[in-house]
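Q: For reference, the sequence and a predicted model appear below.
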Amino acid sequence: MQKKQPKKPVSVHWKVRLTRVGHKQFLARTLSLSAKHLHIESEYNLKAGEKVKVEVSALHEGVKKVLVVVGLIRSSILLSNGYSYGLDVMIEKISEADQAFIDDYIRARENLIGAR
C-alpha cells in the first residue's frame, strides 16, 4: 500500500553541507522540504542536472540526525537578496530511516498548522 505523501513543502531552516561531483564541499541551509524535494539557499550557483550529495543537520523533537541525500539539481535561481541562490534538489537516493524522519517532521508541521 502506498503511503499518502504531503502535497506542499514545509518551511525549515537546517544547516546543510553540499558536496559536488568534483568533491568540492560548501555550506548552505534548507528553506523548505517535501517528501521528494529539498529547497536550499546557497552562495554558489549550481547547474541544473548536476548531482550532489546533501548532508542535512536536522533537529526534530529533541532528536538530532544527519540526513544523507543524493540528489539532482532541478533548478538554480538568484534570490531577491542578490547574492544567494535558491536550489531545488530532487531526492534520488535516501535511506528509509532518513525518509521516515522527514515524513515525521512534515506530518508534525502539518498538524501544527492545522491546529491553528
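A: Ah, there it is. Residues are numbered from 1 along each chain as shown.
Q: so Ile91 sits right up against Lys36, yeah?
A: Yes. With contacts counted by C-beta atoms under 8 Å, Ile91 reaches Lys36, the gap being 5.3 Å. In this view, the C-beta of every residue, glycine as well, is placed from N, C-alpha and C.
Q: Looking at those two, which one has more neighbours?
A: More crowded of Ile91 and Lys36, by other C-beta atoms under 10 Å: Ile91, with 20 against 15.
Q: Quick check: phi and psi on Gly82?
A: Backbone torsions for Gly82, taken as degrees, to the nearest 10, come to phi 90, psi 0.
Q: List the buried residues in stretch 94-103.
A: Using 16 or more other C-beta atoms under 10 Å as the burial criterion, the residues of stretch 94-103 that qualify are 94, 98-99, 101-102.
Q: hmm, who's touching that stretch?
A: Stretch 94-103 is contacted by residues 3, 6, 33, 35, 58, 60, 63, 65, 67-70 when judged by C-beta atoms under 8 Å, 6 or more residues apart in numbering.
Q: out of those residues, which are inside strands?
A: Among these, the residues falling in strands (DSSP state E) are 33, 58, 60, 63, 65, 67-70.
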